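S.K.: Test case, fold it:
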Amino acid sequence: NSMTKRDDLFDLINIMSKSEKRYFKVSATQHTVKGKNKYVLLFDLINKQKVYNEKAVKLAITDKMLQKNFAVEKNYLYNFLLKTLTSFHGQKSLNAKASNSLYTISLLTSKALYNQSSKLIEKTIKFAEQSENFTLLLELLKLKIDYLEGVADNQKIQETYKRMFEIQNIQGNVMEYRYYHNLMYDLLSELGKTAKNEIIKKAEELLDNDLLKSEDTGLCNESKIKFNEICLNFCINLLYKTF
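M.R.: Residues are numbered from 1 along each chain as shown. Model (predicted):
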């Protein structure tokens, strides 16, 4: 039975898409103890394998509790992954619903039904913030300005513009982390083709960037995940273990 459970977990991780894996990591970071998450650790170890090797996974584990209750923790991770997958696909359909709300909000505003429009805007803004859908959020804030202009609330208009500038700043932050993430991938693709010292030198230059000094420079979950992937996965697991 443990054999099938083991295969179940490996197979489940194997068929997950990049965005599903990213969503799992976002969900898992909300359940962190002392800055570490043993489930992300276990996930990463299994995710790296082409063929499941339980012995190798156990040997690579440093967390004592994880070692001691390996079967239980693996079972927990399996169920947690199922939950996050269900939630992820639920979020996607919610995103579609939220996009439909944009049309309804425009319609209500154009017909001067400001009270109804306002309620729907605030509800949809809350959803867009929670799901870090910044493109949708900017659209909603533009509609909020239309509605506020209708009721001539100038102070709130200015506050909303400030919030839009903040969101654009977060979007820029995500873009920068994606860029450095891509640069590091590019660098690692040179392994075996370029001299080791040269790759290490380039990696050190890349990591000298201010954005890669601390996770706190990431302004949202996606930026923080990219930071961790660049610094931890790439440098420790790939670079230094390769040499």
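S.K.: which residues of this protein fall in helices?
M.R.: Applying DSSP state H to the chain gives helices spanning 2-15, 18-29, 38-47, 54-60, 64-68, 70-110, 114-130, 134-150, 154-188, 196-207, 221-228, 241-242.
S.K.: Ser214: which of those helices is closest?
M.R.: Closest of those to Ser214 is helix 221-228, at 8.1 Å (criterion: Cβ to Cβ). (Each C-beta comes from the backbone N, C-alpha and C, glycine too.)
S.K.: Could you name the helices and strands sitting against that closest one?
M.R.: Counting contacts by 3 or more Cβ pairs under 8 Å, 6 or more residues apart in numbering; DSSP states H and E, helix 221-228 packs against helix 18-29, helix 154-188.
S.K.: Comparing these, which yields the minimum mean pLDDT?
M.R.: Least confident of the helices and strands packed on helix 221-228, judged by mean pLDDT, is helix 18-29 with a mean of 85.
S.K.: who touches that helix?
M.R.: Contact partners of helix 18-29, identified using Cβ atoms under 8 Å, 6 or more residues apart in numbering, comprise 13, 16, 37, 39-40, 43, 47, 80-81, 84-85, 87-88, 91, 221-222, 224-225.
S.K.: Ignoring the adjacent residues along the chain, who's closest to Ile61?
M.R.: In space, and not counting its chain neighbours, Ile61 is closest to Gln67: 5.3 Å by Cβ to Cβ, 6 or more residues apart in numbering.
S.K.: so who does the residue nearest the centre of the chain touch?
M.R.: Ranked by distance to the mean C-alpha position of the chain (Cα atoms, centre = their mean), the top residue is Glu222 at 3.6 Å. Contact analysis of Glu222 by Cβ under 8 Å, 6+ apart lists Arg22, Val26, Glu132, Val174, Tyr177.
S.K.: Could you report the distance from the second one to Asp216?
M.R.: Spelled out, it's Val26. Relative to Asp216, Val26 is positioned 17 Å away (Cβ to Cβ, to the nearest Å).
S.K.: wait, what's in contact with the nearest residue to Asn133 once chain neighbours are set aside?
M.R.: Leaving out its chain neighbours, the residue that sits closest to Asn133 by Cβ to Cβ, 6+ apart is Asn95, at 6.1 Å. Taking Cβ under 8 Å, 6+ apart as the criterion, Asn95 is in contact with Ser131, Asn133, Leu136.
S.K.: Wait, the first one touches Lys92, no?
M.R.: No. Distance between Ser131 and Lys92: 9.5 Å, which falls outside the contact criterion (Cβ atoms under 8 Å).
S.K.: Those two: who's more crowded?
M.R.: Taking other Cβ atoms under 10 Å, Ser131 and Lys92 do not tie; Ser131 has more neighbours (17 against 12).
S.K.: shaky segments in the protein?
M.R.: Low-confidence segments of the chain (pLDDT under 70): 1-7, 30-36, 191, 233-243.
S.K.: ok so, going back, now, among the contacts of Asn95, which is nearest to Leu183?
M.R.: Asn133 (26.0 Å).
S.K.: That closest one and Thr124: what is the separation?
M.R.: 10 Å.
S.K.: Could you name every residue contacting both of these two?
M.R.: Ala98.
S.K.: neighbour-wise, which of the two wins?
M.R.: The residue with more neighbours, out of Asn133 and Thr124, is Thr124; 25 against 19, by other Cβ under 10 Å.
S.K.: what's around Lys201, how many residues?
M.R.: 11.
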